[in-house]
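S.K.: The following block contains a protein sequence and its predicted model.
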Amino acid sequence: MNGEIPVIFVTLFVLLCAAAVTQPLAILTRVPYPILLVLTGFLLHLSQEYLSLPLDVFTTKEIAHDLILFLFLPTLVFETAYNLDISKLNANRLAIFVLALPGVLISTLIVAAMIGWFTSLNWHLALLLGAILSATDPSAVISAFRQLGAPKDLIMLIEGESLFNDATAIMLTKILVVSFAATDRFWSMLGDGSGLFLLTLGGGALCGWLLAHLLILLQTHIADNPFLEISLSLLLAFTSYFIAEEVLHASGIIATTTAGITLAIKAPLPISHISQQYLNHFWSYLSYLATASIFLIVGLWMDWSLIWENIDIALLVLAALWLSRALIAYWLLPRIGYLQQQAKTTPVEFRHIVFIGGMRGAVTLALAMGLVSLTGDEVILSVTISVVFFSTLLQGMIIRPLVTYLAPTDRDINDQISRTELALLTLRHGKKALQPLLNSTFASTGAPQALTLKLIPMIEAQEKQLQHWFSVDVGPVGLWNRLMLRCASAEIGFLYHLFDQGLISSRVFEKLKNGLDEQMQAIRHQYKRPLFSLLPEQLPSLLQELKSKVKHRSTKQVELEYEMAWARVISCNKVLEDLQLWSEDKNIPEPVSKSVLQIWQGWRDNCEQKIALIDSQQPVIAAKVQRQLVINYLLTAQAEYLQTYVEQSLISEDDAQRINELLKTIEL
C-alpha cells in the first residue's frame, strides 16, 4: 500500500499539470483545447518510458474502461443535466426530442450504411460505430451562438440535443452490444433491441427520479452545510448510475440524466444560496476534469500505425457524419420553428454553424474506449480517435472565422447603442454624485466644479451620438423594440429585488422572469410574442373553462396566482415610474413611449383585477398569502442583520443559525 500511494499522487499530479498547462496554450495558439489535450496525452505516451511516468492506471484498458464508465461519463452527464435551463427545456421539449432521437437514428444509419457498403467491416461494427459517433459536443456551437447573439431557444435546442443524444447514443450502444451477443440475425436483434430499449429507458428514468426526490427530501430535514450538499449530490449522481446499471440492469446514463434534470426542475433547492454556489462550482470543475482526463487518455492510447491503417474508413465516416449533419441542419432544423409555433424558421446563418459545429467529443471517445475493453477490437477506437481528432481540428478552426463572417451588421449597431447608453447613464450618475460635493469643503479646491465641467461635454457627445443612431439607423420600430427591452430588463431587475428582500418566493420570481425573458427573445428575433399569462400552467380559454367545470383549482394554485399578480402589480408600477422619466428623453418620440406605456398599464390592470377577484371570492387564501409575504420579509431582514455580525466575526455561524431557527418560530 505504501508503494502505491505515491504512484496515485504522481499520476494525478501529471494529469492536472497537463490540463493546466494546455488550457492557456490553447488560448494563446487558438488551437482547439481538445486537440492540444490529445497531443499532450500523446507526448506523455512517448515520454512515459524515458521519464518513468506512472500512467499505467490509464493505459491499462480494463482499468481505464471502469474509470470512464463509472466515473467520467456519470460526471459529464449529471453536470450537463443539472445546469439546464428547465423553462427553456420545457418550452422546446418536442423540438429537442425530434433532434435527439431521430437525429441519432439518422446519423447511426447513415454511418452504418456507408461503412457496411463500402468497407470490409461487418454490419455489427458498422452499427456500433454509427451509434457511438452520434453523440455530439456542443461547446463550440454554443460559444459561437452566444457571440452572434442567437436566440436562447436555439441555444437550448443544441444543449438539449447534445444531452439527450449523448444518453440515447450510450443506451443504443449498450443495447447493440447486448443484442449482438444474444443473436446474429438482424430482425431478431431489432425486435429484442426495441424491447430492451424501452425497458432500460423506463427503468433508468424511474430510478433517477426516485433517488433525486429522496435527496430533496433529505435536504429539507437536515441542517444546511455546503460540504454535505456536495457529498449528497455526488452520491446521487453515482448511486443512480450504479443502481440502474448493476441492480436494475437498466440505463445508468438515463438514471443520472433524470436525476440531474429533476434537481434542475426543483431549483432553487431547499439549501442556502452559499451552498448552491459551492455546488455549482464543484460540478463545473469536476466536469472540466472529466473532459480533460478523457482527451488525455485518448492521447495516451493513440497508435498512429493503427490509425493510418484505418484512415480510409475514418475519412468515409467523416463524410457520412457531415452528410447526416447537413440533413439535420438544413432539412430537420428549419422545421423545428413550426413545431414551436414560431413566426419564422431558424435563420440560415445559424444553420451553417449547426452544420460546421457538429463535432464529436469526450462522450464519443469514452464509448469507443469502453468498447475496446469489451470486444478487444481496436479498429473502432482508431477510427473514432481519427474522426474526433480531424473533426475537432478542421471544424474547430473553421467555426471562428465563420462566426466573424456571419455576424450581422445590425447587431454591431445595437451593441454600440447599448454601450453608448450605458456610458451615458454612468456619466449622468457621476455628475449627480458630484452635486453634494459642490456645497461641501471639497468645493474650495475646485475639484468638484472642474470634474463637473468635464462631464458635461462628454454627456452631450453621447446624447448626440444616440440621437443620430436613433434617427438614421434605428427608426421608430427599432426605438420601440429597444424601449420594450429596456422596460422588460428593468422589471426583471426589480422582481429580483423583491425576491432578494424575501417578498416573493423563488418559484414566483423564476416564473415571472421566464415570462419576461420570452417577451425579450421574441422582440430580439422577431418571433411571435407569447401571451403573458399570470399562471405558468395557464391553458387556452376554452380548455381552461372545461377543466374548471370538472375540477376546482387547488389552494396552492390560487396562492401562486395571487402572489404572481401581486408581484407584477408592484413591478409594473416601478416600470411605469421609470417610463415617465425615460419619456422625457428627447431621443424617444412620444408615440413610441406612449405605446410601451399602454402595454405595461394593461398588464398592471389585469393583475389588479385578478387580485380583486381573489380578494372577493377567496379572502382566506388572500389573507394567508399576505401574511406569508410579510413573514418572509421579516425573516429576510433579520437574517441579513445577523449576517453582518457573522462577517465581522462577532458571532459564529452556529450562533446565527440558532438565532434564525428561534426567529422562524414567530407566527402571525
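M.R.: Everything's here; your move. Keep in mind that this is a model prediction, so the values were computed, not measured.

S.K.: Does residue 152 touch residue 520 like I think?
M.R.: No - using C-beta atoms under 8 Å, residue 152 makes no contact with residue 520, being 9.1 Å away. All C-beta spots, glycine's among them, are computed from the backbone N, C-alpha and C.

S.K.: so who does the residue most central in space within the chain touch?
M.R.: With distances taken as C-alpha atoms, centre = their mean, the chain has residue 84 as the residue nearest its mean C-alpha position (4.0 Å). Taking C-beta atoms under 8 Å, 6 or more residues apart in numbering, we find residue 84 in contact with 156, 159, 160, 163, 260, 261, 264.

S.K.: could you say what helices and strands the helix or strand that contains residue 580 packs with?
M.R.: Assigned by DSSP states H and E, residue 580 belongs to helix 555-582. Applying 3 or more C-beta pairs under 8 Å, 6 or more residues apart in numbering; DSSP states H and E, one finds that helix 555-582 makes contact with helix 475-500, helix 506-525, helix 590-617, helix 619-647.

S.K.: Quick check: buried residues in it?
M.R.: For helix 555-582, a neighbour-count test (16 or more other C-beta atoms under 10 Å) marks 558-572, 574-576, 578-579, 582 as buried.

S.K.: picking that back up, if you rank the contacts of residue 84 by neighbours, which is first?
M.R.: When the contacts of residue 84 are compared by neighbour count (other C-beta atoms under 10 Å), residue 260 ends up highest, at 27 neighbours.

S.K.: For the helix or strand hosting it, output the C-alpha coordinates as CSV.
M.R.: The secondary structure element spanning residue 260 is helix 252-265 (assigned by DSSP H and E). Backbone C-alpha positions of helix 252-265 (Å, rounded to 0.1, in the frame of the first residue of the first chain) are rendered in CSV as follows:
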residue,chain,number,x,y,z
GLY,A,252,-27.4,4.2,-15.8
ILE,A,253,-26.9,7.2,-18.0
ILE,A,254,-30.7,7.8,-18.3
ALA,A,255,-30.9,7.4,-14.5
THR,A,256,-28.1,10.0,-13.9
THR,A,257,-29.6,12.3,-16.6
THR,A,258,-33.1,12.1,-15.0
ALA,A,259,-31.6,12.7,-11.5
GLY,A,260,-29.8,15.9,-12.7
ILE,A,261,-32.9,17.2,-14.6
THR,A,262,-35.1,16.5,-11.5
LEU,A,263,-32.8,18.7,-9.4
ALA,A,264,-32.8,21.4,-12.1
ILE,A,265,-36.7,21.3,-12.1
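
S.K.: Tell me where the model's unsure across the stretch 51-200 of the chain.
M.R.: Residue ranges of the stretch 51-200 of the chain with pLDDT under 70: 52, 54, 56-57, 59, 61-62, 65, 91, 138-151, 153-154, 178-198.

S.K.: Repeat the analysis, applying 50 as the threshold.
M.R.: Per-residue confidence for the stretch 51-200 of the chain (pLDDT under 50) gives these ranges: 187.

S.K.: circling back to that earlier point, to residue 173, which of the helices and strands packed on helix 555-582 lies closest?
M.R.: In terms of C-beta to C-beta, the element of the helices and strands packed on helix 555-582 nearest to residue 173 is helix 506-525, at 35.4 Å.

S.K.: re earlier: for residue 554, which of the helices and strands packed on helix 555-582 is the nearest?
M.R.: Go through the helices and strands packed on helix 555-582 one by one with C-beta to C-beta and the one that ends up closest to residue 554 is helix 619-647, at 10.5 Å.

S.K.: Could you pull up the mean pLDDT of stretch 218-227?
M.R.: Per-residue confidence for stretch 218-227 averages out to 80 on the pLDDT scale.

S.K.: Next: stretch 384-399.
M.R.: Here stretch 384-399 scores 76 as its mean pLDDT.

S.K.: Kindly report the same for stretch 508-517.
M.R.: Stretch 508-517 shows a mean pLDDT of 83.

S.K.: May I see the buried residues of it?
M.R.: Across stretch 508-517, burial judged by 16+ other C-beta under 10 Å covers 508, 509, 510, 511, 512, 513, 514, 515, 516, 517.

S.K.: Leaving out chain neighbours, which residue sits closest to residue 368?
M.R.: The shortest distance from residue 368 to any residue other than its chain neighbours is 3.7 Å, reached at residue 384 (C-beta to C-beta, 6 or more residues apart in numbering).

S.K.: what packs against the helix or strand containing residue 104?
M.R.: Element membership for residue 104, per DSSP H and E: helix 93-118. For helix 93-118, the elements it packs on are helix 123-132, helix 152-182, helix 311-327, helix 336-339, judged by 3+ C-beta pairs under 8 Å, 6+ apart.

S.K.: Which positions in that helix come out as buried?
M.R.: So for helix 93-118, counting by 16+ other C-beta under 10 Å, buried means 95-96, 98-100, 103-112, 114-116.

S.K.: Kindly report the same for stretch 319-337.
M.R.: Neighbour counts using 16+ other C-beta under 10 Å place 320, 321, 322, 324, 325, 327, 328, 329, 332, 333, 336, 337 of stretch 319-337 among the buried residues.
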